[in-house]
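1. Prediction below, plus the sequence it came from.
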Amino acid sequence: MRLQYLFDLALVLTQKEIKVRYKSSFLGYLWSVANPLLYALIFYFVFKVIMKFNIKHYTLFLISGLFPWQWISSSISSGAGVYVNNSALIKKIIFPRSFLPLVQVLNDAFHFVVSLPIIAVFLFIYHMRPGASWFYGAPLWLVPTFFITLGLALAVASINLFFRDLQYFVGLFLTILFYLTPIFYDISFVPRRYRPLIFLNPFTPLITGWRQLLMANTVNTHDLLLSLGYAGLLFLSGFFIYRKLKSRFAEVL
Amino acid sequence: MRDAIVLENVSKVYSLSYTTTGVKNFLTHLPAYIKKMRKRRFWALKDISLTVHRGEAFGITGRNGAGKSTLLCLIAGVMKPTTGDIRIEGRVAPLLELGAGFHPELTGRENIILNGVLLGMTRREIKKKLPEIIAFSELEEFIDQPIRTYSSGMLARLGFSVAVHIDPEILLIDEILAVGDTQFQKKCLDRMLTFKKNGSTIVHVSHNIPQIKMLCDRVALIDGGRLREIKMAEEL
Ligand SMILES: Nc1ncnc2c1ncn2[C@@H]1O[C@H](COP(=O)(O)OP(=O)(O)OP(=O)(O)O)[C@@H](O)[C@H]1O
Ligand SMILES: [Mg+2]
């Protein structure tokens, strides 16, 4: 009964976000994929045309990293504001407060999943094709991506109530992380002695793992295990911070 | 008679300084900040003890800023008391605000479902009660329009209609009976009286003395965060 309720709550709230997004702009779908595609275009121009990067199928390479990154960064940056922007809900009603960041993450996850066909289209353009491995690979990779993102979203959303300028730091932090994650460059470009360092970034195995699945149709178990480790760590820390702070949410709003 | 709500020496302190600062301020003025945080405290409620019996309608009144809403938030569990103890027996429906989570772009029907799950109902329960809720709101004609086209009274009707269909054991009401036109207000009050007759416990915060007299058995007067007195409603 309780479980049924929690499921309904997540479902109805997520449906609402998706409905609202598609209702207010009828090009909703295109809009949600436009951002990473635009980035792909710019990076293609800068790094392929001008800098002459030697990466095969660079467009595909870019979007297979940019689409998952879009999910992560959108959830964390919008997630930072979910409590501040929904003060009426926090102050006036009782429901599991962790569901606001959760719904944000589910919403962006939905948009990520429905953008996968675009990647398939680009594969066909390059005379490649998505493999059957997508059917088990994608769910496998959704798990760590979901928990890493949720953990961080929970933490920033909660802390942001107490330090309202955290939102701006989050934006800055995400920009820095974007450059420190192999999204528009390949991990092999990183000098060998910095390799371990770049794997300290939890998004590194995540992005390279998604890319390997989407471009080569294989699941990299090493990256997957590392990502699951990060997911456990970040989700538990995020949830711990949320748990510590949640009883004071209503009074600081 | 069993007790539905028991408060023992409940106090609530608000710290006034968190919200205005950010990370930057905090780090650059750490010592001053900690000192300030200690000083800027506000006792919104002091040492409140009271008992609401099961099936009773209990009024709370007092001047603006007296602490009535704070008290209701504590009973609802939206906030925790700083000191003291609160015991509740029964499923609580905090009707502190109408239409929680309403989204202007969605239709009345969609918003009923949204508001309903936020108030603790499953989709199935809501779907079952949907016709009843719509009928109570008397908004059949407009129910499939986005609610941004509603008047504020219509919004209040919609919110109220969902709220009164939760079937709670304990209802907490913060000045929300004063919504809609006179006819609808009467309907709301009747609904509350029905709840009461069916054995629900009601805590009702209001400035409206006639309304309190009509609905409540006992009334507490709060002033400056303290409980001044508890009277029978007729004595008001
Ligand atoms: N989140 C908060 N942080 C700091 N102070 C608060 C907060 N909420 C309320 N207060 C203070 O606590 C006191 C009591 O507020 P409360 O909202 O409980 O009053 P009230 O009796 O409901 O008033 P009204 O009749 O206007 O609704 C007020 O002085 C208010 O300034
Ligand atoms: Mg009030």
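-> Everything's here; your move. Model, not experiment: these values are computed from the prediction. Ligands and ions are numbered 1, 2, ... in the order given.

2. Around chain B, pick out the residues from chain A.
-> A:1, A:4-5, A:8-9, A:11-13, A:16, A:19-20, A:23-24, A:86, A:88-95, A:161-166, A:169, A:247, A:250-253 (C-beta under 8 Å from any C-beta of the partner chain). In short, each C-beta sits where N, CA and C put it, glycine included.

3. So among the residues you listed, which ones count as buried?
-> The neighbour-count test (16 or more other C-beta atoms under 10 Å in any protein chain shown) marks A:5, A:8-9, A:12-13, A:16, A:19-20, A:86, A:89-95, A:161-164, A:166, A:169, A:250-252 as buried among those.

4. do you know how far whichever residue of the stretch 101-250 of chain A sits closest to ligand 1 is from A:Ser78?
-> In the stretch 101-250 of chain A, the residue that lies nearest ligand 1 is A:Ala250 (7.3 Å; C-beta to the nearest ligand atom). Distance from A:Ala250 to A:Ser78, counting by C-beta to C-beta, to the nearest Å: 22 Å.

5. What about the buried ones among the residues of chain A next to chain B, which are in helices?
-> A:5, A:8-9, A:12-13, A:16, A:19-20, A:89-92, A:161-162, A:166, A:169, A:250-252 (DSSP state H).

6. what's the distance between the residue of the stretch 1-150 of chain A found nearest ligand 1 and A:Asn85?
-> Nearest residue of the stretch 1-150 of chain A to ligand 1 (C-beta to the nearest ligand atom) works out as A:Lys91 at 7.9 Å. Noted for A:Lys91: a distance of 13 Å to A:Asn85, by C-beta to C-beta.

7. repeat for A:Ala157
-> To A:Asn85, A:Ala157 is 10 Å away according to C-beta to C-beta.

8. For chain A, what lies in contact range of ligand 1?
-> By C-beta under 6 Å from any ligand atom, the residues of chain A that approach ligand 1 are A:Glu251.

9. the bottom helix or strand of chain A by mean pLDDT?
-> helix A:28-43 (a mean of 87; mean pLDDT, DSSP states H and E).

10. Return the set of buried residues in that helix.
-> Quick answer for helix A:28-43 (16+ other C-beta under 10 Å): A:Ser32, A:Val33, A:Pro36, A:Leu37, A:Tyr39, A:Ala40, A:Phe43.

11. Just give the number of residues close to the closest residue to A:Ile119 other than its chain neighbours.
-> In space, and not counting its chain neighbours, A:Ile119 is closest to A:Leu214: 5.4 Å by C-beta to C-beta, 6 or more residues apart in numbering or on different chains. A count of nearby residues for A:Leu214, using other C-beta atoms under 10 Å in any protein chain shown, gives 26.

12. Geometric centre of chain A: which residue is closest?
-> A:Ile72 (1.7 Å; C-alpha atoms, centre = their mean).

13. what does chain B give?
-> Mean-position check on chain B, C-alpha atoms, centre = their mean. Result B:Leu96 at 2.5 Å.

14. Now it: phi and psi?
-> phi -90, psi -20 (degrees, to the nearest 10).
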